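Novice: fold the following and give me the result.
(chains A and B)
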Amino acid sequence: DTAVSQTPKYLVTQMGNDKSIKCEQNLGHDTMYWYKQDSKKFLKIMFSYNNKELIINETVPNRFSPKSPDKAHLNLHINSLELGDSAVYFCASSRAGGTLGEQYFGPGTRLTVT
Amino acid sequence: GESVGLHLPTLSVQEGDNSIINCAYSNSASDYFIWYKQESGKGPQFIIDIRSNMDKRQGQRVTVLLNKTVKHLSLQIAATQPGDSAVYFCAENSGGYQKVTFGTGTKLQVIP
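Specialist: Residues are numbered from 1 along each chain as shown, chains lettered A, B, ... in the order given. Got it, this is the predicted structure:
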């Protein structure tokens, strides 16, 4: 009965590789997000999708490409990984038009680039 | 640019005492604020929210206070329990459409 799930939970890879993180929500929400949390716990929004449409695209390198095959899924693909990409990536979802900010977060994916 | 930040990076409180976590924001146009709790190894969890037309809102053992004059909000936790140990984030809705800007976080340590 997991609400927002992410896979994998841990990802260790070398610089230059391409990797993907998957996210699924079973809450019936229309809006999904990707956040990056650095080593100092600072959380920053990267992308937001509403009904498969890109709504928010923060200043993120174009090596990061989100893909939403349907409104229950928002995957994050990262090309040419760099050391600075090491972080914990959180997926979240919310009801469009629901209480602003009431977002449900996944457990996170810890990405380590060596 | 605009930012949301916290005064104290770490707060230690005795079990049973009340905790107060503070947050300053700089965007005077912010009209919605949220507190999240993040336990170790988990994603942030919504605690309570408040709109700018209110100055106080209460939940179960938690109260959020908003002072728009000085652009400050606080989270009060009554009778702090070990399970309250976590990092707490204040956040604001900025830029519309559920774009949430998080503050830097305060770590709450509960001493048994």
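
Novice: for the residue in chain A positioned nearest to chain B, which non-adjacent residue is closest in space?
Specialist: Closest residue of chain A to chain B, CB to the nearest CB: residue A:105 (3.1 Å). Just so you know, the C-beta spots here come from the backbone N, C-alpha and C atoms, and that holds for glycine as well. Leaving aside its chain neighbours, residue A:105 sits nearest to residue B:43 (3.1 Å; criterion: CB to CB, 6 or more residues apart in numbering or on different chains).

Novice: give me the pLDDT value at the residue positioned nearest the centre of chain A.
Specialist: By CA atoms, centre = their mean, chain A has its centre lying nearest to residue A:34, at 3.0 Å. With respect to pLDDT, residue A:34 scores 95.

Novice: and chain B, is the host helix or strand of it touching that?
Specialist: Assigned by DSSP states H and E, residue A:34 belongs to strand A:31-37. Yes. Between strand A:31-37 and chain B, judged by CB under 8 Å from any CB of the partner chain, the touching residues are A:31, A:33.

Novice: on that earlier part again, contacts only, for the residue nearest to residue A:105.
Specialist: Neighbour list for residue B:43: A:4, A:90, A:92, A:105, A:106, A:107, A:108 [criterion: CB atoms under 8 Å, 6 or more residues apart in numbering or on different chains].

Novice: can you spell out which residues form a bridge with the second one?
Specialist: For residue A:90, the beta-bridge assignment (DSSP bridges) gives partners residue A:35.

Novice: what number of residues lie near it?
Specialist: Neighbourhood size, residue A:90 [other CB atoms under 10 Å in any protein chain shown]: 27.

Novice: now the fifth one
Specialist: With neighbours defined by other CB under 10 Å, the count for residue A:106 comes to 27.

Novice: follow-up on the earlier one: the residue nearest to the centre of chain A contacts residue A:91, doesn't it?
Specialist: Yes. In this structure residue A:34 lies within contact range of residue A:91 using CB atoms under 8 Å: 5.9 Å.

Novice: so what sits against both of the two?
Specialist: A:23, A:74, A:76.

Novice: what strand or helix carries the last one?
Specialist: Here residue A:76 is covered by strand A:73-78, with elements defined by DSSP H and E.

Novice: what of the first one?
Specialist: Element membership of residue A:23, judged by DSSP H and E, is strand A:19-25.

Novice: then that strand to PDB, C-alphas only?
Specialist: The C-alpha trace of strand A:19-25 is given here as PDB (Å, rounded to 0.1, in the frame of the first residue of the first chain):
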ATOM      1  CA  LYS A  19      21.100   6.300 -15.300                       C
ATOM      2  CA  SER A  20      17.400   6.400 -14.600                       C
ATOM      3  CA  ILE A  21      15.400   6.600 -11.400                       C
ATOM      4  CA  LYS A  22      11.700   5.500 -11.500                       C
ATOM      5  CA  CYS A  23       8.800   6.900  -9.500                       C
ATOM      6  CA  GLU A  24       5.300   5.700  -9.100                       C
ATOM      7  CA  GLN A  25       2.400   7.000  -7.000                       C
END
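
Novice: may I have the strands that pair with the lowest-mean-pLDDT helix or strand in chain A, each with its orientation?
Specialist: Least confident helix or strand, chain A: strand A:53-57 with a mean of 82, by mean pLDDT, DSSP states H and E. Here strand A:53-57 is paired, per DSSP bridges, with strand A:43-50 (antiparallel).

Novice: contacts for the partner strand, please.
Specialist: Contacts for strand A:43-50 (CB under 8 Å, 6+ apart): A:30-38, A:54-58, A:60, A:64, A:66, A:68, A:71, A:74, A:76, A:90, A:96, B:44, B:89, B:97-102, B:105.
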